[in-house]
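> Sequence and predicted structure below; questions after.
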Amino acid sequence: MPGWHEKTKALQRQGKLRLVGIVEEQHPERTRLFMQWKEMDWPLLHDPLNLLDVEAVPLTYLIDEHGVVRYEKPTDEDLEAFLRTDYPDGPAEPLDLVPSPDSAEHILLWEGDASLARAIESLEWRVGELPDDARSHFRLGVAYRKRYDSDYAAVGDFQKAVEHWVRALDIAPNQYIFRRRIQQYGPRLDKPYPFYDWVAEARQRILARGETPAVLPVEPGGAELAAPIEELASDVGPGQNAEPDPRGRIHRDEKPLIRIETVVVPTLVDSGESARIHVVLSPDEEVKAHWNNEVDDLVFWVSPPDGWRVDRHLHRVAVPNEPVSQETRPVELEVQTPPGFVGSATIPAYALYYVCEDVDGTCLFRRQDVELTVRAR
Amino acid sequence: MEPTNSAKLTLFFLLAAASSTGASPFRVGEPVPRLRLPSVSGGSPLSLSDFRGEKLMLHVWASW
């Protein structure tokens, strides 16, 4: 797109050509930031549900003054010919893709986050009636992820999003919009490239111009920034990477004060392939739990069974520079199933953290055991 | 959830379309589809038909 933008700048200024974009991402503000960085100032629309039913992007079209498509994937010569031609008005009636007013699609496009539950309910009913409808599974995944990112998040939303995207891709394996949505959160062994590693540079360049970067309501992180790898290399060993509580002597967080949610991407891996596991740790707001940041980082330890590989056994989450906090802390790790393994396996893991029960309460060092379940076929 | 008549109608059309995906609605020689989408760049929602009268280059893309 930046290439076409540069080539058509003069034409846009002269009023000979308009540019418009449609973004096929879950979080369109990221494209807005990209456009701000590249000084692309044309309108950008959002098709989160892939109502356009495109299989892959980018796609470029030239559309005449009567709204008729004249070129797909045009060359420079096509553009010149397109601009020279006065096209006749076409009589054809356009394809109507407008969702009906009470459809889940309409709700997802035009109503606020408070209506997400209704859209999810409607799409759940639909996939029940049409279990092999890839589009509905994909859109249901979009809806669950949208709710996960909202103030209305429910436990399990992210995992359900992944489940429905995986189902959609199983049905339509050539659909790269579906595939990219899974890869965005998936293992590095299955990534074509880092998805959002450009965000930091974009912000720096925009700030250097004296502008304010576009706000991202959902900050990319973890898998979304990670570079692809070809092999998992475990780091178990002495010193910094040694197991922190091998004999299980640290008291357990029995209440627990920290809630832990795990999401496996993809939900079902091929034998010998890898999965990325997102572990989200958040203080229980109901008991006013909060992190104590005055001592040490949060650590997360994974003990894979024989034959399994992990990218790292020990993960650390740096604490913020304030005495206490209540933020959500993510840990992302990758596991590779042994060749020939089929079925379900539980990988033991645990988190160690400093947590306080309420604002004036006692702060404790606690351990919470976590079972990470990976299924392979 | 009890399906509404409109939901049943949607289901009917989905059944008719089966589950084949990827049949792009942008076909050379055909008008652009009727569809209004939210604007990310600020301002009102737009349809591609809002650009009638102008020559248009459309990019369907993603930043990744």
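That came in fine, so what should we check first?
> From A:Thr267, how far off is the residue lying closest to A:Asp113 once chain neighbours are set aside?
Nearest non-adjacent residue to A:Asp113, counting by C-beta to C-beta, 6 or more residues apart in numbering or on different chains: A:Ser150, 4.0 Å away. The way it works is simple: take the backbone N, C-alpha and C, and place the C-beta from them, glycine included. Separation of A:Ser150 from A:Thr267 (C-beta to C-beta, to the nearest Å) stands at 22 Å.
> and residue 28, how many neighbours?
The chain I'm using is chain A. 23 (other C-beta atoms under 10 Å in any protein chain shown).
> Please refer instead to chain B.
When neighbours are defined as other C-beta under 10 Å, B:Val28 has 11 of them.
> Let me know the helix or strand that it is in.
Following DSSP states H and E, there is no helix or strand that holds B:Val28.
> residue contacts, it?
B:Val28 makes contact with A:69-72, according to C-beta atoms under 8 Å, 6 or more residues apart in numbering or on different chains.
> Turn the buried ones among these into a named ChimeraX selection, would you?
Here is the ChimeraX command that selects the buried residues among these (16 or more other C-beta atoms under 10 Å in any protein chain shown):
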select /A:69,70,71
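> Dump the contacts of B:Val28 into CSV; add pLDDT as well.
Formatted as CSV, the contacts of B:Val28 follow (pLDDT from 0 to 100):
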residue, pLDDT
A:Val69, 95
A:Arg70, 96
A:Tyr71, 97
A:Glu72, 95
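> Tell me which stretches of the chain form helices.
Since no chain was named, I'll use chain A. Counting by DSSP state H, chain A has these helices, from start to end: A:2-13, A:29-37, A:76-84, A:104-110, A:116-129, A:134-148, A:157-171, A:176-185, A:199-208.
> try again with chain B
For chain B, applying DSSP H gives helices covering B:5-17.
> give me the low-pLDDT residue ranges for the chain?
Reading this off chain A. In the predicted model, chain A carries pLDDT under 70 at residues A:91, A:233-240, A:359-360.
> Oops, wrong one, chain B.
By pLDDT under 70, the weakly predicted segments of chain B are B:1-23.
> Report the contact partners of A:Tyr353.
Contact partners of A:Tyr353, counting by C-beta under 8 Å, 6+ apart, are A:253, A:258, A:281, A:291, A:298-299, A:365-366, A:368.
> swap that for B:Pro38, please
By C-beta under 8 Å, 6+ apart, the contact set of B:Pro38 is A:45-46, A:109-110, B:45.
> Redo those residues as JSON lines? Include distance to A:Arg181 and neighbour count.
JSON lines is the format used below for the contacts of B:Pro38 (distance: C-beta to C-beta, whole Å; neighbours: other C-beta atoms under 10 Å in any protein chain shown):
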{"residue": "A:Leu45", "distance to A:Arg181": "19", "neighbour count": "22"}
{"residue": "A:His46", "distance to A:Arg181": "14", "neighbour count": "23"}
{"residue": "A:Leu109", "distance to A:Arg181": "17", "neighbour count": "21"}
{"residue": "A:Trp110", "distance to A:Arg181": "22", "neighbour count": "13"}
{"residue": "B:Pro45", "distance to A:Arg181": "23", "neighbour count": "13"}
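> any idea which of the residues you listed is closest to A:Pro217?
A:His46 (12.8 Å; C-beta to C-beta).
> is the closest one in a bridge, and if so with what?
A:Val23 (DSSP bridges).
> Sheet-wise, list the partners of the lengthiest strand in chain B with their directions.
The longest strand of chain B (DSSP state E) is strand B:56-61. Strand B:56-61 sits in its sheet next to strand A:18-23 (parallel), strand A:59-63 (antiparallel), going by DSSP bridges.
> Not counting its own residues, what contacts the first one?
Applying C-beta under 8 Å, 6+ apart, the contact partners of strand A:18-23 are A:1, A:4-5, A:8, A:12, A:31, A:35, A:40, A:42-47, A:52, B:37, B:40, B:46, B:48, B:51, B:54-63.
> List buried residues within those residues.
Using 16+ other C-beta under 10 Å as the burial test, these include A:1, A:4-5, A:8, A:31, A:35, A:40, A:42-47, A:52, B:37, B:40, B:46, B:48, B:51, B:55-63 as buried.
> out of the contacts of B:Val28, which touch chain B?
Under the cut-off given by C-beta under 8 Å from any C-beta of the partner chain, chain B has A:69-72 from these close to it.
> just checking, A:Pro28 touches A:Phe34?
No: counting by C-beta atoms under 8 Å, A:Pro28 does not reach A:Phe34; the two are 10.4 Å apart.
> quick one: the residue nearest to A:Pro220 when sequence neighbours are not counted and A:Val279, what's the gap?
Closest residue to A:Pro220 apart from its sequence neighbours, by C-beta to C-beta, 6+ apart: A:Tyr196 at 3.8 Å. Plainly put, A:Tyr196 is 20 Å away from A:Val279 if you go by C-beta to C-beta.
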